Structure formats: C-alpha cells, structure tokens
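> Starting from these lines, generate the structure:
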Amino acid sequence: MAISQEIFYRISKILAITILFLSKYRMHKIVLASNNAGKIREFQQIFAALNIQIVSQASLNVPEIDEPFNTFVENSLHKARHCAKFTGLPALADDSGLCVNVLDGAPGIYSARYAGEPKSDQANLNKLLKVMTTETQRSAYFYCSLVFVRNANDPQPIIAEGIFNGEIAHQARGTNGHGYDPIFYVPEHNASVAELDEDIKNQISHRGKAITELITKLTNAKLI
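Next up is the predicted model:
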C-alpha cells in the first residue's frame, strides 16, 4: 500500500524528533511491559519506522506484575515503573481495553480476562457476543493509556491516550488481528479491525493515536 505524502511527512517529522531524543538520552532500546504477542508486534511495527528497538519484557525475563488499580492510567504507570526497575531501561507500558457503552464501559480494564482464567481471546470474544445478542445499541471504543518512563523513579512520566471508535459486530470477521479485533466493526472502512491492512490499522488504532500523542508531548514538554 502506497504511503501518502502527508503520512510520509508525519512519519519523517516524528523520526527526526525521536532521533534527537535518542541522542540526548542514549535511548536505543525500550522495553515494552507486555507479553501479548499481538500487542508487541503492533508496537514493533510502529516504532521500526523510528529506528527504535522495542523488546518485550519476557525477552528480558521480567516477571508479570498484577494490575491492581481501577483505571487504565494507574495500571499502565504501575507496569512501566516495574519494568524499568527490573531492567534499568526506559520503559513503555500500555493498558488498553474495549469499552462497550451499553455495558457501562465493560469489559474495560478487565478486557483481557473478561471470560475468566485462563486468559483466552476466543473465550472473551464469545462471551461478549453472547452478552450483546439482544442489544441494538452496539457502539463501543478501544481505549489505550500509554505511559513512558525514563527510569523506575521518573517523577514526571509521560502519559498519552488514544480512543478508537466503532461498533460491536454480530459475528467475527477477518483473521488479521488479535483480541476483540474480529468483532470490532469500523463503519468508515466497512470492515472489522481484523480485516484491515496493518498500515491502516496502525494509523487509526487507539495505540497508534496514543503513540503519536506521546511523541508530541515529549516535544511540547521540551524533553527532546
């Protein structure tokens, strides 16, 4: 898929800003506080254009940590500090989930374990489809809280967020995704997220938006 001139300019600008950031802080590698293969792949694809290596916490033997808080932001900050403390590297943590309006925001922070233990994307998807069987109001959104810390004791973590609006489909569609992607319908593209090309998904996804906001905040705070 050809990249438009506007998208190319945006990526080039972000790349230039990030190179300055890396030069100042010698940050060539960031550890991502996640063991979710799909999420890791998504972050790696986005950051590859910025010449930043994203490594999973599992590859550095970082143990998983509980997410004890009731908000996405608190959980992502908790995970970022834990990962930075264990590795000594700058860390990114993303706490994200699917929020369905008619369900008062559920599954929300419990998205990964909506159907209980053990965690299962398919079980979560099946449960949500069953809960939504008779619902006609199907609007929903993916939310992402992304936190960057330079070190475990960073007194001013950089926090960004992204929201991706859509609807809950009546059945799964597509195979190019993970989690709830097959049942998250995007009217503007007449497709589920699991049917979208990776380039398009990265441009419009909640994580893509959060990452763009993160770079902007680093610039505005004169940290780069």
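
> residues contacting His178?
36-39, 121 (Cβ atoms under 8 Å, 6 or more residues apart in numbering). Just so you know, the C-beta spots here come from the backbone N, C-alpha and C atoms, and that holds for glycine as well.

> so where's the protein uncertain?
Residue ranges of the chain with pLDDT under 70: 1-9, 11-27, 218, 221-224.

> Please, where are all the strands along it?
29-32, 53-56, 91-100, 139-149, 158-168, 184-186, 191-192 (DSSP state E).

> Go through these and pick out the most buried.
strand 91-100 (a mean of 25; mean count of other Cβ atoms under 10 Å).

> what's the angle from that one to strand 139-149?
Angle, strand 91-100 to strand 139-149, by axes from the mean of the first three to the mean of the last three Cα atoms, to 10 degrees: 170 degrees.

> Which neighbouring elements make contact with strand 91-100?
On a contact count with 3 or more Cβ pairs under 8 Å, 6 or more residues apart in numbering; DSSP states H and E, strand 91-100 meets strand 29-32, helix 37-48, helix 72-87, strand 139-149, helix 206-220.

> nearest to Arg173, of the ones you listed?
strand 139-149 (15.1 Å; Cβ to Cβ).

> Can you give the strand pairings for the closest one, parallel or anti for each?
Within its sheet, strand 139-149 is paired with strand 91-100 (antiparallel), strand 158-168 (antiparallel), according to DSSP bridges.

> related to what we said a few turns ago, quick one, which of the strands of the chain gets closest to Leu214.
Here strand 158-168 is closest among the strands of the chain (Cβ to Cβ), at 4.0 Å.

> How far off centre is that closest one?
Taking Cα atoms, centre = their mean, to the nearest Å, the mean C-alpha location of strand 158-168 is offset from the chain mean by 9 Å.
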